[in-house]
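# Let's see this in three dimensions:
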Amino acid sequence: MLIDVDPHLLRTFVAVAECGSFSAAAARLGYTQSAVSQHIAALEHDLGTPLLHRRPVVPTPSGERLLEHAGPILLRLDAARADVRRTIADPPGALTIAASPLAAGHLAIALREVRRSRPGTEVALTVCGRAAVTEGVAAGEFDLGLVDGIAAPSDPLRLSDAGSLRTTAVAHEPLVLALPKDHPLARRRGLALHDLANARWIDAPDLAAPLSTLRTAAGSDAFRPALTYTGTDLHSLLTLVAAGHGLAVLPQSAASAGPAAVPVTTPRLVHRIELLHGHLTEPAATALASVLSGESDDE
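A predicted model of the protein is given here:
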């Protein structure tokens, strides 16, 4: 059974599948190529089936199924290890935070409150993609995370690989369609997503509403990108929209200083920001979580 698989072998298998090469996986893991080959052979023997084709190095059907399970399993192991280490390894007064680009702004006032009540708190803030925030908090790289996304007004965000993380709503606001000021739809009072399925879109998965989310919300297989933007700089994205490279769905506040913005009225969706954390032991992290979640901190 999968629960009996040695996690070291599983991690090696994931590295080989991702790298497409035994030698590249060995370099990533710091092993010899021979050791990597032995790990894969042992795992295949243990599971009783080939997991990788050798030329080219790609997963077999059984290997594909194992990959689907491997990521969450390894992440949960990392999270458990980090949760234990967190109780003994974090220096007092240190606070590590990750935030997605459109969520980071909500930290400014909250951090000021924490530093006022706990002078000397050292803060390290990493701004990164939405998935990296979730995975980093789950793996114990960060004490807290702030992540944003799109959801129905009464629904929480659907976060992949969140494991046993606690989530708390921090803020929400309406969505708008960002488009050039001279666009034919720029003067509309509201727009329905399904009417825009075949428009030119910019796919900016760490800033705008991901096109996969729009497809699901509108019940359409359209919403194809005319341009893909993998950065995290909002100004650059708005500049691309203003220049006519494509449309983007953004929170109202993010689009206010850029091109034209028209409210998205159908379906009913909002931009949400949520706080993520595991077991909190550091007082500064507990205080920040309390401020962000709107609870009073009278300590």
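# Quick check: chain neighbours aside, which residue is closest to residue 177?
Residue nearest to residue 177 in three dimensions, not counting chain neighbours: residue 262, with 4.9 Å by CB to CB, 6 or more residues apart in numbering. For the C-beta atoms, the positions are set from N, CA and C on the backbone; glycine is no exception.
# Likewise for residue 245?
Spatial nearest neighbour of residue 245, excluding adjacent residues (CB to CB, 6+ apart): residue 227 at 4.8 Å.
# I'd like to know how many residues surround the one you found.
Residue 227: 14 surrounding residues under other CB atoms under 10 Å.
# immediately after the helix or strand where it lies, which helix or strand?
Secondary structure assignment for residue 227, by DSSP states H and E: strand 225-228. Using DSSP H and E, the helix or strand that follows strand 225-228 in sequence is helix 234-242.
# still on that earlier bit, the residue nearest to residue 245 and residue 248: what is the separation?
Separation of residue 227 from residue 248 (CB to CB, to the nearest Å): 10 Å.
# what does residue 182 give?
On the measure of CB to CB, residue 182 and residue 248 end up 16 Å apart.
# Compare those two (neighbour count), which wins?
Set residue 182 next to residue 248 and count neighbours by other CB under 10 Å: residue 248 wins out with 27 against 10.
# That one: what's it in contact with?
Neighbour list for residue 248: 177, 178, 201, 202, 204, 207, 208, 209, 237, 241 [criterion: CB atoms under 8 Å, 6 or more residues apart in numbering].
# Likewise for residue 114?
Neighbouring residues of residue 114 by CB under 8 Å, 6+ apart: 95, 121, 284, 287, 288, 291.
# The fourth one touches residue 116, doesn't it?
No. In this structure, residue 287 sits apart from residue 116 without contact. The criterion is CB atoms under 8 Å, and the distance is 10.1 Å.
# Comparing these two, which shows the higher neighbour count?
residue 287 (21 against 9).
# Next one: the more buried one from residue 142, what distance?
As judged by CB to CB, residue 287 and residue 142 stand 16 Å apart.
# go on, residue 211?
From residue 211 to residue 142 the distance is 27 Å (CB to CB).
# sorry, back to before: so which of the contacts of residue 114 comes closest to residue 146?
residue 288 (10.0 Å; CB to CB).
# What about that closest one, how many residues nearby?
29.
# Grab the nearest non-local neighbour of it.
With sequence-adjacent residues excluded and distances taken as CB to CB, 6+ apart, residue 288 is closest to residue 114, at 4.9 Å.
# now the contacts of residue 114 in TSV, with distance to residue 167 and secondary structure?
Below are the contacts of residue 114 laid out as TSV (distance: CB to CB, whole Å; DSSP: H, G, I helix; E, B strand; the rest coil):
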residue	distance to residue 167	secondary structure
95	19	strand
121	23	coil
284	20	helix
287	18	helix
288	15	helix
291	16	helix
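# Using CSV, lay out the residues you listed together with pLDDT and distance to residue 187.
Output for the contacts of residue 114, formatted as CSV (pLDDT from 0 to 100; distance: CB to CB, whole Å):
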residue, pLDDT, distance to residue 187
95, 89, 46
121, 87, 48
284, 85, 48
287, 88, 46
288, 90, 42
291, 90, 40
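# Dump these to JSON lines, plus distance to residue 194.
Below are the contacts of residue 114 laid out as JSON lines (distance: CB to CB, whole Å):
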{"residue": "95", "distance to residue 194": "44"}
{"residue": "121", "distance to residue 194": "48"}
{"residue": "284", "distance to residue 194": "46"}
{"residue": "287", "distance to residue 194": "44"}
{"residue": "288", "distance to residue 194": "40"}
{"residue": "291", "distance to residue 194": "39"}
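# quick one on the thing from earlier: ok, so what distance separates the residue nearest to residue 177 from residue 5?
From residue 262 to residue 5 the distance is 51 Å (CB to CB).
# circling back to that earlier point, doesn't residue 203 make contact with the residue nearest to residue 245?
Yes. Residue 227 lies in contact with residue 203 (CB under 8 Å); the separation is 7.3 Å.
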